[in-house]
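**Q** Give me a model of this one.
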Amino acid sequence: MLATVIAAATIAHGRQPDFSWARALTWQAGVWASWAPVGLLLWVVLLRPWSWPRIAVAVFALGWASVPAHAVWAAWLDLTFSGARAGLDVTALERGPVDMLAFTALAAALFGQVQRRRARIEARRADDLLRQLTAPPSEPTGPPTLLVAVGRRKLVAPLDQIERIEAAGNYAEVFWNGHEGLIRATLDDLTQALKVEGFVRAHRSLIVNLGHVREMRGGADGRAELVMTSGTAVGVGRRFREDVIRRLGRT
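**A** Okay, here's the model as predicted:
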């Protein structure tokens, strides 16, 4: 933003040499620094744990409100500092396209920052999960478990009781012993961490516990499904079928 203020002040000073640098800088700082509260509101919106359609609506509403308001503010500053005789409405309309581009650039830059921040957080969570699942115990403990969120509670799910794990957006849904709950992890991370515990990827959105597979059914069209001990039938993806058969034959 500082570079933008300096560049805009340089242009203003060049167009009106009688302007002092201090006056030009004050003018442009007032124009561009006023985007700071808009950027703060955008940051808050983008960090909310909402669905992307809801975030898009919120960003659009914020732009719809802030762009005209900023255009009027910037037009008033332009008229105040430049001494032009054009009306406020005409000057605001002229500022509109510039402010629309400025809002779009600000939203895109903050969106990129939020995505990088979320990626770092997810990477740390995945690393923590892998360390918890693969680290050798320092002392004798019970069977390995996962800590699963069920509503506001955290329940301990022994791995040998978990029947399957399904993708659920940024979470994974765990089914075990008549319960179901969520864990903050991706199926890719869970597949690697639970492979040695007898779990196998059966679909891009599904991991199953081989110890809970009661039957495998196959059709002439190449499709297959697994019948779990709970009676639930789940589909097997084509690219995972051979690995599932191989792992089942080894158990």
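**Q** What does Thr181 show for phi and psi?
**A** Actually, residue 181 is Gly rather than Thr. phi -160, psi -180 (degrees, to the nearest 10).
**Q** correct me, but it touches Val150?
**A** Yes. The pair Gly181 and Val150 passes the contact test of C-beta atoms under 8 Å, sitting 3.8 Å apart. Every residue, glycine included, has its C-beta placed from N, CA and C.
**Q** Give me the average confidence score over the host helix or strand of Leu101.
**A** Assigned by DSSP states H and E, Leu101 belongs to helix 88-134. Averaging pLDDT along helix 88-134 gives 84.
**Q** Next SSE downstream of it?
**A** Counting by DSSP H and E, what follows helix 88-134 is strand 145-150.
**Q** Just the angle for that next one relative to helix 88-134, thanks.
**A** 140 degrees (axes from the mean of the first three to the mean of the last three C-alpha atoms, to 10 degrees).
**Q** Where do the domain boundaries of the chain fall?
**A** 2-132, 145-250 (automatic domain parsing).
**Q** ranking the ones you listed by mean pLDDT, which is last?
**A** domain 2-132 (a mean of 81).
**Q** re earlier: between Gly181 and Val150, which has more neighbouring residues?
**A** Gly181 (20 against 13; other C-beta atoms under 10 Å).
**Q** what sits opposite that one in the beta ladder?
**A** On the basis of DSSP bridges, Gly181 is bridged to Val174.
**Q** ok, now which ones touch it?
**A** Gly181 is in contact with Val148, Ala149, Val150, Leu155, Ala157, Glu173, Val174, counting by C-beta atoms under 8 Å, 6 or more residues apart in numbering.
**Q** how about stretch 227-235: buried residues?
**A** Going by neighbour count (16 or more other C-beta atoms under 10 Å), the buried part of stretch 227-235 is Met228, Val234.
**Q** And that stretch, end to end?
**A** 9 Å (C-alpha to C-alpha, to the nearest Å).
**Q** residues touching Arg204, list them.
**A** Per C-beta under 8 Å, 6+ apart, neighbours of Arg204: Ala167, Leu187, Gly237, Phe240.
**Q** what's near enough to touch the nearest residue in space to Ala168 that is not next to it in sequence?
**A** For Ala168, ignoring the flanking residues on the chain, the nearest one in space by C-beta to C-beta, 6 or more residues apart in numbering is Leu182 at 6.4 Å. Residues in contact with Leu182 (C-beta under 8 Å, 6+ apart) are Val148, Ala149, Val150, Ala168, Tyr171, Ala172, Glu173, Val174.
**Q** Among those residues, which one is most surrounded by other residues?
**A** Busiest of the contacts of Leu182 [other C-beta under 10 Å] is Val174, holding 26 neighbours.
**Q** does that residue really touch Val156, like I thought?
**A** No. In this structure Val174 lies outside contact range of Val156 using C-beta under 8 Å: 11.1 Å.
**Q** Overlap of the contact sets of the two?
**A** Common neighbours of Val174 and Val156 (C-beta under 8 Å, 6+ apart) are Leu146, Val148.
**Q** tell me which strands and helices the helix or strand harbouring Leu77 is in contact with?
**A** Using DSSP H and E, Leu77 maps to helix 52-82. Contact partners of helix 52-82 among helices and strands, from 3 or more C-beta pairs under 8 Å, 6 or more residues apart in numbering; DSSP states H and E: helix 21-32, helix 36-47, helix 88-134.
**Q** can I get these in CSV with mean neighbour count?
**A** CSV is the format used below for the helices and strands packed on helix 52-82 (neighbours: other C-beta atoms under 10 Å):
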stretch, mean neighbour count
helix 21-32, 18
helix 36-47, 15
helix 88-134, 14
